[in-house]
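K.L.:
Sequence and predicted structure are below.
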There are 4 protein chains.
Amino acid sequence: MNITSSHIEEHNKKAVEDHNDAFDALTHQLHKQNIDIDSLIGQAGAFQVAIPSWALGAGGTRFGRFAMGGEPRSLEEKIKDVGLLHALNHSSGAISLHIPWDIPKDSGAVKELADKYNLVFDAVNSNTFQDQKGQKHSYKFGSLSHTKQEVREQAIEHNIEVIRYGKELGSKALTVWLADGSSFPGQQNFSKALQNTRESLGSIYKALPQDWQMLIEYKPYEPNFYSMVIPDWGTSFLLANKLGERAKTLVDLGHHLPNTNIEQIVAILLMEGKLGGFHFNDSKYGDDDLTTGSLKPYQLFLIFNELIGGTSNPEQLRNHIAWMIDASHNVKDPLEDLLQSVEAILQAYVKALLIDRDKLQAVREDNDPAGAQEILQSAFQTDVRPLLTEARIRHQAAANPVQLYRELNVRKQLINERGTESMATGL
Amino acid sequence: MNITSSHIEEHNKKAVEDHNDAFDALTHQLHKQNIDIDSLIGQAGAFQVAIPSWALGAGGTRFGRFAMGGEPRSLEEKIKDVGLLHALNHSSGAISLHIPWDIPKDSGAVKELADKYNLVFDAVNSNTFQDQKGQKHSYKFGSLSHTKQEVREQAIEHNIEVIRYGKELGSKALTVWLADGSSFPGQQNFSKALQNTRESLGSIYKALPQDWQMLIEYKPYEPNFYSMVIPDWGTSFLLANKLGERAKTLVDLGHHLPNTNIEQIVAILLMEGKLGGFHFNDSKYGDDDLTTGSLKPYQLFLIFNELIGGTSNPEQLRNHIAWMIDASHNVKDPLEDLLQSVEAILQAYVKALLIDRDKLQAVREDNDPAGAQEILQSAFQTDVRPLLTEARIRHQAAANPVQLYRELNVRKQLINERGTESMATGL
Amino acid sequence: MNITSSHIEEHNKKAVEDHNDAFDALTHQLHKQNIDIDSLIGQAGAFQVAIPSWALGAGGTRFGRFAMGGEPRSLEEKIKDVGLLHALNHSSGAISLHIPWDIPKDSGAVKELADKYNLVFDAVNSNTFQDQKGQKHSYKFGSLSHTKQEVREQAIEHNIEVIRYGKELGSKALTVWLADGSSFPGQQNFSKALQNTRESLGSIYKALPQDWQMLIEYKPYEPNFYSMVIPDWGTSFLLANKLGERAKTLVDLGHHLPNTNIEQIVAILLMEGKLGGFHFNDSKYGDDDLTTGSLKPYQLFLIFNELIGGTSNPEQLRNHIAWMIDASHNVKDPLEDLLQSVEAILQAYVKALLIDRDKLQAVREDNDPAGAQEILQSAFQTDVRPLLTEARIRHQAAANPVQLYRELNVRKQLINERGTESMATGL
Amino acid sequence: MNITSSHIEEHNKKAVEDHNDAFDALTHQLHKQNIDIDSLIGQAGAFQVAIPSWALGAGGTRFGRFAMGGEPRSLEEKIKDVGLLHALNHSSGAISLHIPWDIPKDSGAVKELADKYNLVFDAVNSNTFQDQKGQKHSYKFGSLSHTKQEVREQAIEHNIEVIRYGKELGSKALTVWLADGSSFPGQQNFSKALQNTRESLGSIYKALPQDWQMLIEYKPYEPNFYSMVIPDWGTSFLLANKLGERAKTLVDLGHHLPNTNIEQIVAILLMEGKLGGFHFNDSKYGDDDLTTGSLKPYQLFLIFNELIGGTSNPEQLRNHIAWMIDASHNVKDPLEDLLQSVEAILQAYVKALLIDRDKLQAVREDNDPAGAQEILQSAFQTDVRPLLTEARIRHQAAANPVQLYRELNVRKQLINERGTESMATGL
C-alpha cells in the first residue's frame, strides 16, 4: 500500500477551504504579535522525527500481546510503513534501526528503498537485553557491565557490529540502552558494574567513526527492579564525560522516577554540551511508552521551551540532536499512534517557538513568576494546528494525516497484503 | 482600593478591537462545528469559583515565609480583596471562610459588605490542626480521632460552632479537613482512630442543617508523615456512606499520591452521588498548592471532561458541587495567582464543554482510543481565550484581568493602605 | 525429584547442634519477657502460604525472558514442585491454580497427587487478560467491563468455569484480577466500565457456592497505563459491598501507587470485615513481583502487626484470609525464591506476634510515639530464625530449606528430568 | 540537668545481668561465624554522629507547630542537650551548628563548654533560605543563584562568615544547602541559575581553608515546588567536579524522588571520591525528616553495606565522611528521637559490618542473587543490640539510653529549668 500524490491532493482539496479560513485567522492573530508565520512554517516543515523500526507492530506487556494484523514482516516493509507516515505528514523522514531485529542483508537495496520514500537512517540501536538464538553467552545477568569478561566482550563486539551496519546505511549515531542492573539488594557490586560499563563503552567508543556520536540512554528501572547500571542522567553524564566529546546523553521521556523535572535535566545537559538525543513518548506511571503528548502536553511544551532557549538557532537544534520516537502500541494502530505523536511533538515545538523570549528574559530578571506564566500560557493556548496543516500542505503532505489514513483504510489494506497473523519484530 | 466600572470600561475600550477580531474568528470556527457559542458564553459566565479567605496573604513553608505587603488585616479586607477579584473576572463571586481565622463579629455587617461586592458565602471550614490561644485541649495528637474523649468533644463543639457562623452568613456546607494521623509506625491504632472519627463526624452531622452538606476532605500525608486518618477517597467515601446522604467527599487536587488518576476518582464519586466539592490547585510533587493549571492543564481538562460527562446538565454541575480554590502563594502576588487559577479553571471547563460527546460515546463503544484522543485534542487545542474574554466583557468585567490589575498598580495601592508588614491570617 | 525424609534427617542432624545453641538462647531471652515460645512455634508451624501454580517457571518482562531449565511442564509437575517446597519448609501446604493454564483434566488424580504431598487447593484464579487460542471474543479492550455484552458474557462464563474446576479440587475462593482499563484519556467511560464490572461480578457471584468467597483484586496500572477499572482498595471495597458478604478485597502488596500506606488499608479492610486475601511479593518501583521481604521487610512486619492487632485470635487470622505468594522470578531460581519468600513472611508473622500488645495499647492511649517505636523495634530486632528452624524441625522439615535445596542440587536434577528448554505456563 | 556518672552506673548495674546473658549468647553465635566481636565493639564505640543544633526543639510544618517545653534557649543550652545525649549513648560526640541561629558570641567559652561534654564541632551550616532581620536583600527569589549580583554577593559573604565562625570552633567543613529554585514553569532560567550558583560557590570555595571540605547538598523540591537549582546528586556532583577536590556531595536521605535507589548513589559517589557527608533521617513521602530507621531500616542497612564495601577500612569511613542527623521532631521529644536515630544508625552500621564480604564477592561474581540475599539477610536478621549495649557500657554510657532518659524524667527537669514556653531556634 502506498500513499500517492493523488490521494493527498484529493484529501487536501476537500480540506482547503476550512483550512484557509483558520489559517488566515491565525496569521492575522500572529501578525498582530509581530510573529513571522512563514518562518514558523519553515521551521515546522524542516523538523523531522525519526521512527523506530521496532515500533511498527503491536506492542505488548509481560501479561500478553494482542495482535493487530498487517504488521510489517521485514525491514523492507518497515521502511514502507515509515514511508507511508512520511508521505502523510512530511515530518517522519528518518528511521531508526534496531539490530539484530533489522539487519540489512543488502544495504544498497535498503538504502535505495529508503531513498525512494525520502527517508534517511537515524541512530542505530544495539540490543543486549535479549539473548539471540545461537548466542554464546547469555545477557541474563548483564552485558557491558557483566562480571565475566567474555560476556562483556561479546556485547562490545555486538555494538561494533551495529556501528558497521549503521555506517553502511548512513547513520551517524549509536544509541546504547543497557538493561543491565540487578533485581535484588546485594546482587551486584554497583561500582564494579559501573566501572565495567565504562571500560566496555570505551572499547566501543574507540570503534566509533569520527563523525558519529554515541548516545548513552539512562533508565531507573525495568527490566531490572532494584538497580540499573545507568539509572539517571547523572550517571550517563558521568560516563559521557569520561568517554569523550562524542559521547552524549540520550533522554527518554519515560525513563524517570515519579515527578522528575525533565525539562531542567534537558537544560543542564544542553548547557554542558551533552544533550545528544531524545526518545519521545508519554507516560503516567512508569515507562508506559504511550503516544507522545497524550498525557502531559504541557510538559512536552516546557521541554521544547528549554530546547529552544538553550540553543543558539533553530538549525542547530534540529541538526545536532537526534529526535526519535520510542513508544509501544498496545491498543492503538501503531501508524495512527505515530502520526499522533509526531503531531504532538510539532505542536509543542511550534508553541515553544511562539514564546516571546525577550519578554521572558525580562520577567525572569525581574523575578516575576506570574508574568512568566502569562507569557508561557499565551504561547501554549494558541491553537497552532492551522500552521502545521499549512506546513504539510506546502510540502504535499496531508492536511489531516490521521483522517486520510482512515479514509484510505490503510490498515485494512495492509492486512490484505500481509495477513492478520504477521508479527513485526520489536517490543 | 476598589475596581470601579470606569476602570473596567477604559481597559475594555482599549482591548475591544483586538478582542473582536479574535472572537469573530473563534465564533466562525465553532459555528462550523455546529457549536452554539452564546450558550458556552452563558455557561462560562455563570460558573463561579469560591475564593478561600485563608489564601489572600503570602503563604509559607516550614522553612519560612516571605512577606508581600498589603495583605488583608481583617475579614472585611479579605472580602474586599475577593470583591476586587470578582470585579475583575466576574467568576469569583463566593468566599469560603475559615474559622477561627475569620470569625464574623457582626454577621449582618459582614453579609452586607459581601452583598456590596456581589459575593456569597460558600462552604465554611473548621480548623483543628492548630491550637488556638486559650484552648483547653491540644490537637497535637489529633482532634476528631483523638484517643481522649474530651479532646474529641472539644473538636466536635468547634465544628458545630463553625456551622453556626456559616448559618448566619448563608453558607450551605461545612468542609472538614482533618490533619489527624500519625507520624510513626505503631503510634496510632488505625481502626480505633477511624472509628472515633466516624463517631465524631456523626455528632457533627446531627447538628448539620437539613439543607447543608458535610464535605469530607482526604489527604495521604502532611502534616502527619506516616498515616492520615482519612488518607484517600475510599476512606472519605466509606465515612460519607455511613454518615448519610448529605455527607459527601471533597476532592483537593493536591491530596493524592504520585500518579493518581484523579479524573477517575471524580467519575466514580459522581456515579455514586458522593462528589461534594473541589479544592483546586496544582502540584508537581506533593500538596504544593500552586496556581491551578500552572503545571498540568491537561489533567484539569480531563477532570472537567468527567464532570461534564457525569452530570445531567450544566446547572446541576454548577450548583450541586462546591467549587473552591485552595492554594498557597509563596512567590506570586496572591491576587494575581487567584486570577490565573480562575482563568485556568474556566479554560478547562469551556474546553471540556467543546468535546463532541456523541462522537466520544461512539468511539468508546467502538474501542477506538486513537479516535478518542482526536476528539479530546480537538477540544483541548482550541484557543478559548476570546470566549472567556467575551463572557467577562458581557458581564462588565475586565477583558484581561491580570493586565488591568497590573495597570492599576493594585498591589502598590494595597500596600499604601495596609502597609508592608500586614500579615493575613491563613497558611 | 523428591525430597525424602532421609534427606531431611541427614541435613537436620548436621544442623542440630548449632541450632540448639541458638534456640536455647532465644528461648531464654523470650522467657525473660514472659513469652511462651512453644505457643509461637505452634503458630508458626500452622501458618501456611499458598504457592501460585503460575510462578514455578522463569518469569519475564516485555523485554524478554531468560530460560532457567527444569521448569514444570504440566500441572502434575507443578504440584510436585510445590510438594518439594512443602517438604522443605512445611509452610507451603497449598497451591493456587490459574485457569486456563492449569486445567485439571482428571480432578481425582490431581487431588490424589496433591494429597500425597499434603497439599490443599487454595483460591482459583481466572484469566481474562490474555486471549486463548480459539477464543471467540478478544479481551484486548476488556473483559468483565467490556463495552460489548457478548464479551462480558464470555468472561463471566469463564469465571464460572473456573469455579467449577475449583469445586472439584476443594478450593473455597475465586480470585478475580481484572486487567481491564484504558491506556489513553478518553478511551473509556469510567462509570460505565465500573457499572459493567459490577454487573458481571454480580452474575459470577450468583454462581459462587455458599461456602466460597470472591476475592476482588485491585491494581492501579499495568497492563493498562492510563486507568484500571479497579484501581484501588476503595473501588474493590465499593464492589465488594454491593455484591454481598462473601465478596471481599484481596491485597497484592505490589499493586499500589508509590508511598501507599498498605498496612493502614489492611487495618481498614479488617475493621470492615472485607479483607479476603493477600498476594505477597515485594517491590521498589511498581508491580515488580520480587521476593517477599527482599526490599521492605519492615513494611511486611507492620502489615502483620495490623493483621494480628485486627483479628481476635491466631486461628481466625490463619483460616479466614487467603495467604498466597504472587511473584515473578526473572533472575532467581523460582523454588529458591519461593523458599525465601515464605521464610520472610514467617519471620514477619512471628516478630509481629512478639509485640507486647498491652504495652502498645497503653502507649497509644498515651500518645507516645517514641514509646510505640521502642515496642515495635524490640520485636522487630529480635532474631527469630531459631524459632522458625525449630518449627520446621518439629515438623520433619529442613532446618535450612535453601541450604538443603542447594546441597541436593535440586535444580540440576529437575533439569535432568525435564530438560533445559521446558517452559512452565505462567507469567 | 546533667547526666552524672552515678546515674549511669546505677542504671547499668540494674541492666547488667540481663545484658550479660544476651551478650554472651551473641558472642557465642558470632564466634561460631569467626567474627571478632571485640573489634566490632571497638568500631561501634568509635562511630560518632553529629547532632544538629537546629533540631533540639519541637519541629513544625506549614500548618503549625506544637510546643514541647524545656527547649534550649541558647547555644549553650543546645550544647548541654547534645552533651546529655552523648553522656547517654557515647555516640553523639559532635554538634553541627547553624548560622545565624547559633552564632557563638564568645568562641572560647563555647569551645570550653563543648569540651566539657567531650563534643567537637562538625560541619557548619549556612542559611540563605530565610531572611534575617535587618538583612539588606531578600532571598525570596534565591541566594547564590539569584538574578541580581548584589543578592548573590550578600549570600557569598554570609557563607564566608559562617566559615569564620566554624574556624573559631574547630569545624572542618561547610555544608551548603540551597533552597534556591522556582515554583512555576518559566520563572527561572535553569542554566543561568546553575551558572550563577557555580560562580558563587567558586567564590566561597576560594575562602575555604585548605583542610576544610565544602559539602554540597541536593534536594528535588521544597521549599520550591517546580525546580531546585541543585535538585539531584548529578547536579551536586557536576558542581563539585568544577569546584575542586575539596568540594563534595552531601546526601540527605530525605532529599530524593520516590523510589530512588539511594545506596547506589552512595556507591557511585564513593567510587568517584565525592561522597562528603550524610544527613540521616527517614521518610515515607517526601522530606519528612522522621527518626532515622523508623520506616526503612533495611534501606539504611543497605546504605551502610555500600559504605563499608566502598571504603578501604573502618577508620577511613568514620573520619572522611561527615555523619550528621538532620531531622525534625513534630510529635516526639527531640532528645528521645535523636537517641533512637543514633541507635538505628549504629545498628545498621554494625549489621553491615557483619556481612561476610568474601562470600558476598563470590556470589556476585557468580551472579547468584538468591545467595546474595541469604548473606545480607543473615547479617540483617542478627540481633546486634547486645553488642551496642556492651559498647556503651564499656564507655560508661547507659545500657539503655531511652530508658534512662525516661527514668530520670529529663524532659520534666528541662521544663522546670527552662519553662514550657521556651522555643529553640531551628526548624
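P.N.:
In hand now; what should we look at?
K.L.:
what residues are up against A:Ser171?
P.N.:
Residues in contact with A:Ser171 (Cβ atoms under 8 Å, 6 or more residues apart in numbering or on different chains) are A:97, A:121-124, A:212. Every C-beta, even on glycine, is put in place using the N, C-alpha and C of the backbone.
K.L.:
Please list only the buried members of the residues you listed.
P.N.:
Buried subset of the contacts of A:Ser171 (neighbour count, 16 or more other Cβ atoms under 10 Å in any protein chain shown): A:97, A:121-124, A:212.
K.L.:
Using a markdown table, lay out these together with distance to chain C.
P.N.:
Output for the buried ones among the contacts of A:Ser171, formatted as a markdown table (distance: Cβ to the nearest Cβ, whole Å):
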| residue | distance to chain C |
| --- | --- |
| A:Leu97 | 18 |
| A:Phe121 | 24 |
| A:Asp122 | 21 |
| A:Ala123 | 19 |
| A:Val124 | 18 |
| A:Trp212 | 26 |
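K.L.:
ok, back up a step: okay, the contacts of A:Ser171 in a markdown table with distance to A:Asp18 and pLDDT next?
P.N.:
Putting these into a markdown table (distance: Cβ to Cβ, whole Å; pLDDT from 0 to 100) gives the following:
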| residue | distance to A:Asp18 | pLDDT |
| --- | --- | --- |
| A:Leu97 | 39 | 96 |
| A:Phe121 | 37 | 97 |
| A:Asp122 | 34 | 97 |
| A:Ala123 | 38 | 97 |
| A:Val124 | 42 | 97 |
| A:Trp212 | 46 | 98 |
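K.L.:
Now, those that are in helices?
P.N.:
Applying DSSP state H to those, no entry is found in helices.
K.L.:
from these, which is closest to chain B?
P.N.:
Relative to chain B, the closest of these is A:Asp122; by Cβ to the nearest Cβ it sits at 24.4 Å.
K.L.:
List phi and psi for the closest residue to that closest one other than its chain neighbours.
P.N.:
In space, and not counting its chain neighbours, A:Asp122 is closest to A:Ala50: 3.6 Å by Cβ to Cβ, 6 or more residues apart in numbering or on different chains. Dihedral pair for A:Ala50: phi -70, psi 140, per degrees, to the nearest 10.
K.L.:
so how far is chain B from A:Gly166?
P.N.:
32 Å (Cβ to the nearest Cβ, to the nearest Å).
K.L.:
was I right about that residue contacting A:Ile160?
P.N.:
No. At 10.5 Å, A:Gly166 does not count as touching A:Ile160 under the criterion of Cβ atoms under 8 Å.
K.L.:
Nearest to chain B: which residue in chain A?
P.N.:
Ranking the residues of chain A by distance to chain B (Cβ to the nearest Cβ) places A:Ala25 first, at 3.7 Å.
K.L.:
quick revisit: more neighbours, A:Gly166 and A:Ile160?
P.N.:
A:Gly166 (25 against 16; other Cβ atoms under 10 Å in any protein chain shown).
K.L.:
hmm, which two among the buried ones among the contacts of A:Ser171 are most spread apart?
P.N.:
Farthest pair in the buried ones among the contacts of A:Ser171 (Cβ to Cβ) is A:Leu97 and A:Trp212. Separation: 14.3 Å.
K.L.:
can you pull the pLDDT of the residue in the stretch 251-400 of chain A that chain C sits nearest to?
P.N.:
When scored by Cβ to the nearest Cβ, the stretch 251-400 of chain A has A:Asp288 as its residue closest to chain C, at 3.8 Å. Listed pLDDT for A:Asp288 reads 97.
K.L.:
How many neighbouring residues does it have?
P.N.:
With other Cβ under 10 Å as criterion, A:Asp288 counts 23.
K.L.:
if I pick the closest residue to A:Ile303 other than its chain neighbours, what's in contact with it?
P.N.:
Spatially, and ignoring its direct neighbours in sequence, A:Ile303 is nearest to A:Glu263 (4.8 Å; Cβ to Cβ, 6+ apart). Neighbouring residues of A:Glu263 by Cβ under 8 Å, 6+ apart: A:299, A:302-303, A:305-306, D:185, D:190.
K.L.:
Kindly report the same for A:His329.
P.N.:
By Cβ under 8 Å, 6+ apart, the contact set of A:His329 is A:55, A:57-59, A:68, A:337.
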